[in-house]
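>>> just a sequence and a predicted model for now, questions to come.
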Amino acid sequence: MTESSRGKYILYGFLFLLAIIAPIVLTNEYTRHLFVLTLIFSIFGLSYDLTIGGMGQVSLGHQAFFGLGAYIAGLLSERLQVPVWFCLPAAVAGAGILGLFLGYVSLRTRGAYLAIVMLGFAMILWMITMGWRDVTYGQAGVRGIPSPSIALPLLPEIKFDSPLSYYYLSLALLLFVMYFISRLKQSRFGRAIAGIRENEDRAILLGINVFAHLLMMFTIAAMVAGVAGFAYAHYISFIDPKVLSVYYMSMGLIMVIVGGSGTLFGPIFGAFVFFFVPEWLRIAEDVRLVFFGIVLVTFIILMPEGIYPRLVMFWHRLIYSDRVGKE
Amino acid sequence: MAILEVKDIIKDFKGLRALNKVGFAIQQGEILGLIGPNGSGKTTLFNIITGFLCPTGGQVLFKRKGITGFKPNQIAGLGIGRVFQHSSLFPNLSVKENLVIGRHLKTRNNIFGSLVNASAYRQSEKGLEQKARELLTFVGLESRCDMVARNLPYGEQRELELAMALAAEPELLLLDEPATGMNPGETRRLMDLVKRLQEAGIAILLVEHNMRLVMGICSRIVVIDFGVKIAEGTPEEITSNGEVISAYLGKSKNDAKS
Amino acid sequence: MDWQIFGLQLMYGVTTGVAYAVFALGLTLILGVMGIINVAHGELYMLGAMLYCSAMYYFSLHFLLAAPVAILAVCAIGAICSRVAVEPLLNSTKTLLTTMLSTIAISMSFMYGSLLVWGAKTVPADLPFTGRLELGPLFVPEGRLVLTIVGSLVIVLLYLFVGKTKIGKVIRATAQNKFAASLMGIDLKKVYGLSFTIAAGLAALGGILVAPIWTSNPFMGQLMILKGFVVVIVAGMGSIGGAILVGVLLGVAETFFGYFVSMYYREGLGYAVMVITLLLRPKGLFER
């Protein structure tokens, strides 16, 4: 193991330990609640970044997959009493099917057209959710979504109905998603996607079927968003058509751009910024989005790669500063 | 065996006939030069062969099988590679990553193998690493392994492109004006490289304006002017062909002298 | 077929369509000249309306004074945004992406900022043209009449400006080929700034004209920008005439659909048309 990768593994181990003990040490319920939201929306941010940083396309409709996942999970468990754990694959599958369908239709275009078309689809989905009251309860939303629980024989039932318990559930989901995405990037498929992003014409010449690859990645991104939707629905136990609104799209964009697109930790960092910075600065609820709007513009102009890559660069310079002269 | 046969290719663009019944064949392992004044249709022909354009008439046969109208990625999959006229790399990725993506057609691991870090996956990764180094050594870029592609000097970017085209192990390589922007030293390195490619068994279709390069390494040459083939033969036959000289060579011979 | 109802719906549809057309005009101008999608266009439209109402209500200005004041204010805001947040991002490989994100962020700031300033309600200004005129068998709201007249006038003026004046030629040259234009000595920065400012003014004017017939609140921009996208996508990039035509048609189609088919899903018509256009003719109907 090289020196730098050993250092990396030590850092990861340290962060993991920190993540495990944080909610035990920090006993404030509200802080724990923020942590849970941060974890859940980190998953959403990572899924959004699969399209932005991975595919190099910004879709303005990614909230549709999050919202659909949340609704599928919520409706199945609240209306049909489906056991909560079955709602996870259902939400993922549902979001995936929507992603496959929308991707098939939209990915023949790129850039701004793709962005706007996805926004159109997301708006249509929002309207359907508002209007189809028989199924979705319309504007009133779904209330009383049950929390997940694990009942193993001989052990007491573990209920994930508090911020503390849900923290560990979300952490597990996030770690799984992170692992999945990092392995994806190291696979032949992930590399092909990187190639398509960097230079589509070149990728075609190397034998890559661009449309099929992009469609697959888009579907995967939708499925991961579905995971976040599932987690959100069963935590907050109440969802309404707002989960399909541009509010979550904006949140995703803020997390990805400010945190750092294209990296594993960037969107997670961005999620922390989104939930904790306004608390530290004591910014009132209704000023937050103005604040983030300005922050977003500033970042796009001055630091488009995001905070996390800058931190990494800074860290490298700190560690390897003595070697600079020898390069 | 003729590895590529171009038969009576016609290409019309809204009333302009860009190619008029152009035909020739490339034998296995030979270097065929394609020359002609700017606008004579060389790039159009390249685009047709590699699948970016469909001909209005005629056929393209690769290893005796028709490939006319196939999609570009399918044609690449059959064993035809291409190096663009302008630099066309994956700019923000490292040299090694560029090559690894270049190996796409020859890599077999799938997502699941990667997810569980199966032994087949790890084998494949090691193989990729090795092959990347081999390719870099072949073009002389070993020292640049981890450098970000867009930071390479221009000549080396072109060499990387060549390495990438090789990564897919093509049987036929189309080189689109590879010596553009190169000084004599870089051009000599390029000539060496192309000769070594031929020795490795790859057939090459070369479009170039640099006459020294063309005459130096091509076994045969095809000359196109205004979308029509006006001559075909060995370098000696071409330089002594009156029509060719008046259409094209007359100007370039002066360039080659200076 | 009750012709009176048909006529009424047609009138509503055409007037709504003119509003859409004026809005899409500015959007198309920016798209054609700078090559970017200005997501904040809806908020410029909203600010036009809100500032107009506020000028009359809080400063007791006469509407003929309030309107130009509001328009100029929005033009200034637009010019600043363009210079600070849009122009630095032009001329890169990722321009479309970054400017879209930048204008989304601006749109966010303006909308939520407006919510802070005005709250989620309208300014109770005493607006002109809120009455109805009797034109033949129809009762036409005054506001709609003014909207159509002024809107059409503005469209014609813009057409003449871009087509016949010297500055207009400069703008067209830049829209067709930036590189060649800069070689001819055209200061691209000034052209960008001018185009964005004009577009902002058009948006603000749209908001002002619409104030008497629809409610003005901080959310109105969000609704309008979606219409703008539909028009731009269906009409095709940079086609001004197409944008006008599609805008009016959209207004008519929506109104008829809403009355005869379903009021509830009326909004979805635009999105559906947009999606279908993208499937069949991705470049739009009238691409230049």
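Ah, there it is. Numbering: from 1, shown residues only, chains lettered A, B, ... in the order given.
>>> and the residue in chain C that chain A sits nearest to, what element?
With distances taken as C-beta to the nearest C-beta, chain C approaches chain A most closely at C:Ser109, which sits 3.1 Å away. All C-beta atoms are positioned from the backbone trio N, CA, C, and that covers glycine. Applying DSSP states H and E as the criterion places C:Ser109 in helix C:95-118.
>>> and that helix, what does it pack onto?
Helix C:95-118 sits against helix A:111-131, helix A:246-259, helix A:288-302, helix C:41-59, helix C:220-235, with contacts defined as 3 or more C-beta pairs under 8 Å, 6 or more residues apart in numbering or on different chains; DSSP states H and E.
>>> gap between the next helix or strand after the longest one and the chain center?
When you say that, I think you mean helix A:111-131. Using DSSP H and E, the helix or strand that follows helix A:111-131 in sequence is helix A:133-136. On the basis of C-alpha atoms, centre = their mean, to the nearest Å, helix A:133-136 sits 27 Å off its chain's mean C-alpha point.
>>> after helix A:133-136, next one along is what?
strand A:142-143.
>>> next structured bit after that following strand?
Remark: after strand A:142-143, the chain's next helix or strand is strand A:149-150, criterion DSSP H and E.
>>> for that following strand, give me every contacting residue.
The contact list for strand A:149-150 (C-beta atoms under 8 Å, 6 or more residues apart in numbering or on different chains) reads A:84, A:157-161.
>>> next, count neighbours for the one residue in the stretch 201-327 of chain A that gets nearest to chain C.
Of all residues in the stretch 201-327 of chain A, A:Gly293 sits closest to chain C, at 3.1 Å by C-beta to the nearest C-beta. Neighbour count of A:Gly293, defined by other C-beta atoms under 10 Å in any protein chain shown: 23.
>>> not counting its neighbours along the chain, what's nearest it?
Distances taken as C-beta to C-beta, 6 or more residues apart in numbering or on different chains place C:Ser109 nearest to A:Gly293, at 3.1 Å, with adjacent residues excluded.
>>> part of a strand, is C:Val140?
Yes. Looking at C:Val140 with DSSP: H, G, I helix; E, B strand; the rest coil, it is inside a strand.
>>> dump stretch C:177-190 to PDB, keeping only the CA atoms.
C-alpha atoms of stretch C:177-190 as PDB (Å, rounded to 0.1, in the frame of the first residue of the first chain):
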ATOM      1  CA  ASN C 177     -21.600  34.600 -35.500                       C
ATOM      2  CA  LYS C 178     -19.900  36.000 -32.400                       C
ATOM      3  CA  PHE C 179     -16.500  35.400 -33.700                       C
ATOM      4  CA  ALA C 180     -16.900  37.200 -37.000                       C
ATOM      5  CA  ALA C 181     -18.700  40.000 -35.200                       C
ATOM      6  CA  SER C 182     -15.800  40.500 -32.800                       C
ATOM      7  CA  LEU C 183     -13.400  40.500 -35.800                       C
ATOM      8  CA  MET C 184     -15.500  43.300 -37.300                       C
ATOM      9  CA  GLY C 185     -14.700  45.400 -34.200                       C
ATOM     10  CA  ILE C 186     -18.000  44.800 -32.400                       C
ATOM     11  CA  ASP C 187     -17.600  45.100 -28.700                       C
ATOM     12  CA  LEU C 188     -19.300  41.800 -27.700                       C
ATOM     13  CA  LYS C 189     -19.600  42.800 -24.000                       C
ATOM     14  CA  LYS C 190     -21.600  45.900 -24.900                       C
END
